[in-house]
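*Asks:* no letters, just coordinates:
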């Protein structure tokens, strides 16, 4: 039916739409206290409007909960990646490196707190006694002087030994050599003995790595293994320099201590019953650490990837 000239067209507006407009208008500072007047103007009740706000708030909370649950499942996949426990930063880097997703740290921490996802807590390493050197053992000067970043890979090598608890009461020993610049573990050995061979075998394994610089040197504490004539002789045969921390000063080899802390936080050896099982778990972690575990101060890259990038730039 055609509309006659002069007739006004009435548009039907739902009550919910009016409530929505009132909410949008009152968001501005000028109309913040004009709810009563706007409701009267729109022909709706104030009680109905506030009920709408309450209903919308419930809907928004439900929607937020659904979004959080979906995000948490993705976050949980990163947390469980490679069966290695992770904190917020590691989850952030794992999502970027292996899932192609970017979640900011604030969101990750909020979700971890909301869903009670426990972050591994760094434990302080207990003080350990160094085996006393005999008269034939000689210490070396502290060439490193805590200058851990020479700017090139394969120049400063850090070495140390730590213990690994496994099973109920058993103990193994881990010796590693780490590149101070790239944080890459270049050589390692696991043994049930703390004898000299543990350090010697680790050093021999280092021979497989060709990307050491001509000025490369190895830095350690003043423990029995590193002051022993056999160890120092092998260092010279490999044409490496040697540097040692000051006695009782763990900060002189802090990056190596930090690695041991991360390893002990992120792997669980309680289920291991044999030394062979411990070796398998350590091997799995070393592969993950070098090739897949992003590090915040390495441009969020794994050590091996960072080394390749560093060599390419240089």
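*Replies:* All right, it came through fine. Just so it is clear, the structure is predicted and the values come from calculations on it, not from any experiment. Numbers count the residues shown, from 1 in each chain.
*Asks:* only C-alpha atoms from now on, for both contacts and neighbour counts.
*Replies:* OK.
*Asks:* in stretch 157-167, what's buried?
*Replies:* 157, 158, 159, 160, 161, 162, 163, 164, 165, 166 (16 or more other Cα atoms under 10 Å).
*Asks:* isn't residue 139 right next to residue 244, touching?
*Replies:* Yes. Contact criterion Cα atoms under 8 Å: residue 139 and residue 244 qualify, at 7.0 Å.
*Asks:* in the protein, what spans have low per-residue confidence?
*Replies:* For the chain, the stretches with pLDDT under 70 are 1-10, 120-137, 210, 248-250, 252, 313-314.
*Asks:* centre-most residue in it?
*Replies:* Residue closest to the average C-alpha location in the chain (Cα atoms, centre = their mean): residue 90, at 2.9 Å.
*Asks:* look up how far residue 67 lies from that residue.
*Replies:* 22 Å (Cα to Cα, to the nearest Å).
*Asks:* a strand runs through residue 176, doesn't it?
*Replies:* Yes. Under DSSP: H, G, I helix; E, B strand; the rest coil, residue 176 falls within a strand.
*Asks:* quick one, strands of the chain?
*Replies:* 156-166, 170-179, 185-191, 217-220, 241-244 (DSSP state E).
*Asks:* got JSON lines for these, with distance to residue 305 too?
*Replies:* Shown next, in JSON lines, are the strands of the chain (distance: least, Cα to Cα, whole Å):
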{"stretch": "strand 156-166", "distance to residue 305": "18"}
{"stretch": "strand 170-179", "distance to residue 305": "13"}
{"stretch": "strand 185-191", "distance to residue 305": "13"}
{"stretch": "strand 217-220", "distance to residue 305": "22"}
{"stretch": "strand 241-244", "distance to residue 305": "26"}
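*Asks:* looking at those strands, which is closest to residue 145?
*Replies:* Closest approach to residue 145 among the strands of the chain (Cα to Cα): strand 241-244, 9.1 Å.
*Asks:* ok, residue 49 - how many residues close by?
*Replies:* A total of 21 residues lie near residue 49 under the criterion other Cα atoms under 10 Å.
*Asks:* and the closest residue to it other than its chain neighbours, how many neighbours?
*Replies:* Using Cα to Cα, 6 or more residues apart in numbering and skipping the chain neighbours, the partner closest in space to residue 49 is residue 19 (5.8 Å). Neighbours of residue 19 under the rule other Cα under 10 Å: 23.
*Asks:* pull up the gap between residue 19 and residue 36, please.
*Replies:* Noted for residue 19: a distance of 12 Å to residue 36, by Cα to Cα.
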